[in-house]
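Colleague: can you look at this prediction? I've put the sequence above it.
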Amino acid sequence: MARQARAESRIIGLVPTMGALHEGHASLIARAKRECSPLIASIFVNPKQFGPDEDFAKYPRTFESDSEKLRQAGVDTLFAPEAAEIYPKDFSTYVHVEGLSERLEGRSRPGHFRGVTTVVMKLLQIVQPHRAYFGRKDAQQARLITQMARDLNLDSEIVVCPIVREPDRLALSSRNVYLNPEQRKAATILYRALEAAKKELEAGGRDALHLQTSLRRKLDSEPLAAVDYAEVVDAETFEPVVRVSRACYVLLAVFIGKTRLIDNLYLEPKAPESDEFMFHL
Ligand code: PAF
């Protein structure tokens, strides 16, 4: 299919997912649908990106409703392989992006990114899309995949799309279903902390340590929240910055009960070398 579509100069789009589809996925599909034909979506709960103590077994699996949503959204082909197809018994090749994979999410979830880059590489090889779409909520994942595509000369453009939020501004995530009503309310602390950081930046605050201290204070004000990290990092390297003077992410990973949530604020200079920023929250 990919070979024929490429021969006919059509733009093949891929939206890789692990199912449990929500409005965040819907926005990726809608954008990909506008830009590509044919549009392929994949559903594969990738065992290799879950640590031994993580939620692989209980990860929400809603295949019937997911496939119906994809059909209604105009997806042309759904690719939903079995684990044995992706990882046959003798499977032994992995893709690892050095450095970037070890920081932040990588430090908290050893092996996670190796699983992500390996499966995404495989999906890109199988589907051969011109464009593949990822959400910016998983900012480090999106950055790693972009790096991998560049380093390995992949013939797929990696498109990173904005975060989609609930009406109370909680970032959409398949893991939000784990939250009980009290935790669900508490989870809005991530957005509120990022919004406070945005205000500090809008008022001219550029000191990363000060921003991090304010973030921590805000997050710690929520009794149900346990902070894993709250950092200001360079948007390319994901290394901590001292001063905000270029494209950066303010990144949060916070446990609400046993559920680990991530969220971020992306700062983009209004012009090269400018100290004024556009905020993507
Ligand atoms: O973001 C996700 O849902 C997954 O990490 C991905 C990119 C589909 C790879 O399994």
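Modeller: On my side now, so go ahead.

Colleague: find the nearest non-adjacent residue to the single nearest residue of the stretch 151-281 of the chain relative to the ligand, please.
Modeller: Using Cβ to the nearest ligand atom, Ser174 is the residue of the stretch 151-281 of the chain that sits closest to the ligand, at 7.6 Å. The C-beta positions use only the backbone N, C-alpha and C, and glycine is treated the same way. Spatial nearest neighbour of Ser174, chain neighbours left out: Ala20 (3.6 Å); criterion: Cβ to Cβ, 6 or more residues apart in numbering.

Colleague: how about the residues of the stretch 51-200 of the chain that lie near the ligand?
Modeller: Val116, Val119, Val120, Asp138, Gln141 (Cβ under 6 Å from any ligand atom).

Colleague: can you read off the pLDDT for the residue of the stretch 151-281 of the chain closest to the ligand?
Modeller: Looking at Ser174, its pLDDT is 93.

Colleague: ok, now Pro272?
Modeller: Looking at Pro272, its pLDDT stands at 86.

Colleague: for it, grab the count of nearby residues.
Modeller: When neighbours are counted by other Cβ atoms under 10 Å, Pro272 registers 6.

Colleague: and it, helix, strand or coil?
Modeller: What DSSP: H, G, I helix; E, B strand; the rest coil gives for Pro272 is coil.

Colleague: backbone dihedrals for Glu157, both of them.
Modeller: phi -80, psi 130 (degrees, to the nearest 10).

Colleague: show me what contacts it?
Modeller: Contacts for Glu157 (Cβ atoms under 8 Å, 6 or more residues apart in numbering) come out as His130, Arg131, Ala132, Ala149.

Colleague: just the buried residues out of those residues, in PyMOL syntax.
Modeller: A single PyMOL command selects the buried members of those (16 or more other Cβ atoms under 10 Å):
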select buried, resi 130+131+132+149
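
Colleague: what's the closest of the contacts of Glu157 to Pro16?
Modeller: Ala132 (6.6 Å; Cβ to Cβ).

Colleague: which outside residues touch the strand or helix carrying that closest one?
Modeller: Per DSSP states H and E: Ala132 is located in strand 131-135. The contact list for strand 131-135 (Cβ under 8 Å, 6+ apart) reads 11-16, 24-25, 27-29, 31-32, 35-36, 120, 123-124, 141-142, 145, 156-164.

Colleague: same question, stretch 176-184
Modeller: Counting by Cβ under 8 Å, 6+ apart, 20, 22, 55, 60, 166, 170, 187, 224, 256-259, 261 sit against stretch 176-184.
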